[in-house]
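> Got a sequence here, can you model it:
(2 chains)
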Amino acid sequence: MIAPYLALLIAFGVVPIIVAAVTSMEPSALNPGGGPLNYLQALQDFRFLPALGNVGVFLLLYVPTMLIVVAGMSLLLDTVRGRWNVSLRLAYIVPASLTGASAVLVWYFLLEPTLSPYQDILRALGITQGGQIWRSENLAWIFALMAFFTGAGNWIVVQYGSLQSISEDILEAARIDGANAWQIGWHIKLPLIQKYIVYMGILVFAAGLQVFVEPQLISSSVYPGLAANWSLNQLSYSFAFQSNNLGGAAALSLMLLIVCIVGAVFVIFRTDFFEGSGVKEK
Amino acid sequence: MTSILEAEPIINRSASKGHLPEKLTAAGRVGRTGVWVMLLVYGLLSVVPMVWLLIAPSKTAAQLNNDAPFSFGSFANYGSAWEHLLTFQDGVLVRWLLNSVVYTVAIVLLSCVSAILAGYALAVTAIPFKRTLLITTLVAMIIPPVALVIPLFIEISNAQLFDTPAAVILTSSFYPFGVFLAYIYFSTSIPKELYEAAKVDGAGEFATFWRIALPLSKGLFGMLAFFSFSASWVNFFLPYVLLGSAENFTLPVGLGVLFSSTPALNPGNGAQQSVIGRPEIALAGLILAIPILIVFLLSSRLLVRGVLSGSVKS
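Model prediction:
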């Protein structure tokens, strides 16, 4: 019964890593001898540090904003009951249907002063042309904004779900002790859903590290070259498809993959998130 | 602290609220208003882009530029925008749409069936290396799928599968998150006695699964299909890298082609006299987004229960 999944796991979970590891040692035009030099050359590529910096700034903006807004909004949502609560949750998941290519499209429109539903705000800020916003120094902000609005709503609803697992007795007791809504949220609810927030943080970080679609689409079509090799994954893509340097591409994507695996192992063994799931030894 | 497995099932807390009516002071009332303002503003920010996108194809390019952002053009414009889209490379858009449907259906089927079978095997049957398999599955589930794209590309090219539908379908059907959800479901939501009773009656592993577990897994199947669909319908990076010719592209990749080969978003692109303008490209984006939106809204009952804490209970 496990055979179909096992075949997929081996073929598309394990083998690609082995193939990439082998490829990362192969010779290229840049490194005719092959070997670990591919890793060093990927790191020493003149585009690597800028891309690392871009992704770093992007993560610094994106991850904390996600954590704070999602935790805050789910706590606020938890204070509302009934029909309003359901309607708000429906509204919050709408942006998740605009991801990837359609997110790029929508944000192009949102930031274009002649078209944007927010054109009054943009004009008040003195922005009359999209080109004033789409500049390389603003890209980290723009991509963080796009990623945030795509993902936050769903996470608010998910974390609201986590809040529903808090027993009413605990909240009742706190109320009897005279705690107000703010104190209950901060001192009781938040600590109780902390591990879900940590889990989300690691997932969001790992996904953010791999940012690709938005800068790639912007750069390849809308504002040509603006975000070329902006992210680490784009650089890896360029190694493979433009420089014909598969060894370097494999080396760079393996290094990114290892960061994500470390994050995954941390969640599994260093948090109690998967406790009782049969993974940890008692 | 309870673990994900021990999390309380969702109880209707609203019923027990109201034992202690909160007395609102003046400061409390200001706070309450602030809460509502934030909730509503965030709700508004969430729906504005989608509403705008829904309306945009109703207007001509000139109306889009000159009229108020939320003014409605005419229904006829949706039709003409669609006809304009069809002129792009002999109606290749229909091909992309069809590809997206076919790939997604195949992925949802393959991924859900393999995940349910594996989740059941891990939860109920005795298989060797169970713990290793579980840990590998968890690691694979937490790693973002994008991280494996370049390694998958290398593997797929070596296997001579580059630019084939099978490349996208097979690689996207690897669904560790689904396996984990199914595993949790079969190990917590169905009493062990049920499986054991079936085995005592002489049913084999597969018969037990078929007669006992499967009929109880409709909700699980729905949830797995939901996540599998919403991931594969919009997937961009993997098909972008694994496919080479336009006839095999999916809608998201095709949308990228529209961006780069029409002057809609960048006047420097393509022929100036192209009929693909902003209303047309908005319609193409809408066609990509609408199925996801519909599935989301239809599945909102799933989301109401909570995905992290509630999903493990059915």
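> can you tell me the residue of chain A closest to chain B?
In chain A, the residue found nearest to chain B is A:Gly161; the distance is 1.8 Å by CB to the nearest CB. (Glycine included, C-beta is placed from N, CA and C.)
> I'd like to know how far that residue sits from A:Val22.
As judged by CB to CB, to the nearest Å, A:Gly161 and A:Val22 stand 43 Å apart.
> which one of the two has more residues nearby?
Neighbours around A:Gly161 and A:Val22, counted as other CB atoms under 10 Å in any protein chain shown, are more numerous at A:Gly161. The numbers are 25 against 13.
> which element is that one on?
Secondary structure assignment for A:Gly161, by DSSP states H and E: helix A:139-163.
> How far off centre is that helix?
Distance, stretch centre to chain centre, for helix A:139-163: 9 Å (CA atoms, centre = their mean, to the nearest Å).
> list the helices and strands that helix packs on?
Counting contacts by 3 or more CB pairs under 8 Å, 6 or more residues apart in numbering or on different chains; DSSP states H and E, helix A:139-163 packs against helix A:48-77, helix A:82-93, helix A:100-110, helix A:194-209, helix A:213-217, helix B:26-55, helix B:300-304.
> closest to A:Val262 out of those helices?
Of all the helices and strands packed on helix A:139-163, helix A:194-209 sits nearest to A:Val262, with 9.7 Å by CB to CB.
> does the closest one come close to chain B?
Yes. Applying CB under 8 Å from any CB of the partner chain, one finds helix A:194-209 in contact with chain B at A:Lys195, A:Tyr196, A:Tyr199, A:Ile202, A:Leu203, A:Ala206, A:Ala207, A:Leu209.
> For that helix, give the mean pLDDT please.
The predicted model gives helix A:194-209 an average pLDDT of 90.
> Now the phi/psi pair for the closest residue to A:Phe212 other than its chain neighbours, please.
The spatially closest residue to A:Phe212, leaving aside those adjacent along the chain, is A:Asn233, at 4.1 Å (CB to CB, 6 or more residues apart in numbering or on different chains). Main-chain dihedrals, A:Asn233, degrees, to the nearest 10: phi -70, psi -30.
> for A:Asn233, what are its contacts?
The neighbours of A:Asn233, taking CB atoms under 8 Å, 6 or more residues apart in numbering or on different chains as the test, are A:Gln210, A:Val211, A:Phe212, A:Ser253, A:Leu256, B:Val146, B:Val149, B:Ile150, B:Phe237.
> I'd say A:Gly100 and B:Phe236 touch.
Yes. Counting by CB atoms under 8 Å, B:Phe236 is a contact partner of A:Gly100 at 4.3 Å.
> Mutual contacts of the two, please.
The overlap between the contact sets of A:Gly100 and B:Phe236 (CB under 8 Å, 6+ apart) consists of A:Val213, B:Pro252.
> got the CA positions of stretch A:23-37 in CSV?
Output in CSV follows, covering the C-alpha atoms of stretch A:23-37 (Å, rounded to 0.1, in the frame of the first residue of the first chain):
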residue,chain,number,x,y,z
THR,A,23,25.9,17.1,-10.8
SER,A,24,27.3,19.6,-8.4
MET,A,25,30.7,17.9,-8.7
GLU,A,26,30.7,17.8,-12.5
PRO,A,27,33.0,19.9,-14.6
SER,A,28,31.7,23.1,-16.4
ALA,A,29,33.2,25.6,-18.7
LEU,A,30,34.1,27.7,-15.6
ASN,A,31,35.6,24.8,-13.7
PRO,A,32,36.9,22.2,-16.2
GLY,A,33,38.3,20.0,-13.4
GLY,A,34,34.9,19.6,-11.6
GLY,A,35,34.7,18.9,-7.9
PRO,A,36,33.8,21.0,-4.9
LEU,A,37,35.2,24.1,-6.6
